[in-house]
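Asks: What would the 3D arrangement of this be:
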Amino acid sequence: TKYTFPLSWTNSICSHPRNLKKPLEEWVDIRLQDEFKGWKLDNVAHRLKPVGKLVYEARSDHKYGEKEIDTLYFLEVTEEEKRLIKTNPDEIEAV
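Replies: Numbers count the residues shown, from 1 in each chain. The predicted structure is shown next:
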């Protein structure tokens, strides 16, 4: 399970790209695969709608915490696509 905020909250996909030189379109599908096991929807980056940015700071426990500026995007999926989405229990307990 996650070592920060286990079973507390999720951001669906982390906004931290692994390779800052890659554009959003190239890394978003990789991040979706990481956080949703069995993610079968490819090339969804062009469908992401920017919502805004937020700054937050929170402590998970005495050792870990986060202080981040996050960019928020919204992805609307069809009923058919919803059936294809499987969650990674290490990342998401319930939807």
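Asks: Let me know the outermost residue of this structure.
Replies: residue 62 (24.5 Å; C-alpha atoms, centre = their mean).
Asks: quick one: the closest residue to residue 47 other than its chain neighbours and residue 89, what's the gap?
Replies: Distances taken as C-beta to C-beta, 6 or more residues apart in numbering place residue 75 nearest to residue 47, at 5.9 Å, with adjacent residues excluded. Every residue, glycine included, has its C-beta placed from N, CA and C. From residue 75 over to residue 89 the distance is 21 Å, taken as C-beta to C-beta, to the nearest Å.
Asks: Show me what counts as buried in the lengthiest helix in the chain.
Replies: When the chain is parsed with DSSP state H, its longest helix is helix 24-35. When burial is assessed from 16 or more other C-beta atoms under 10 Å, helix 24-35 yields the following buried residues: 27, 28, 29, 31, 32, 35.
Asks: again, but for stretch 40-56
Replies: So for stretch 40-56, counting by 16+ other C-beta under 10 Å, buried means 41, 44, 45, 48.
Asks: and what of stretch 70-81?
Replies: Neighbour counts over stretch 70-81 (16+ other C-beta under 10 Å) mark residue 73 as buried.
Asks: Report the separation between the two terminal residues of it.
Replies: 26 Å (C-alpha to C-alpha, to the nearest Å).
Asks: Same question for stretch 60-78.
Replies: Stretch 60-78 end-to-end distance (C-alpha to C-alpha) = 34 Å.
Asks: swap in stretch 52-66?
Replies: 19 Å.
Asks: quick one: it to chain centroid distance?
Replies: 15 Å (C-alpha atoms, centre = their mean, to the nearest Å).
Asks: which residues are contacting it?
Replies: 3, 4, 5, 8, 67, 68, 69, 70, 71, 72 (C-beta atoms under 8 Å, 6 or more residues apart in numbering).
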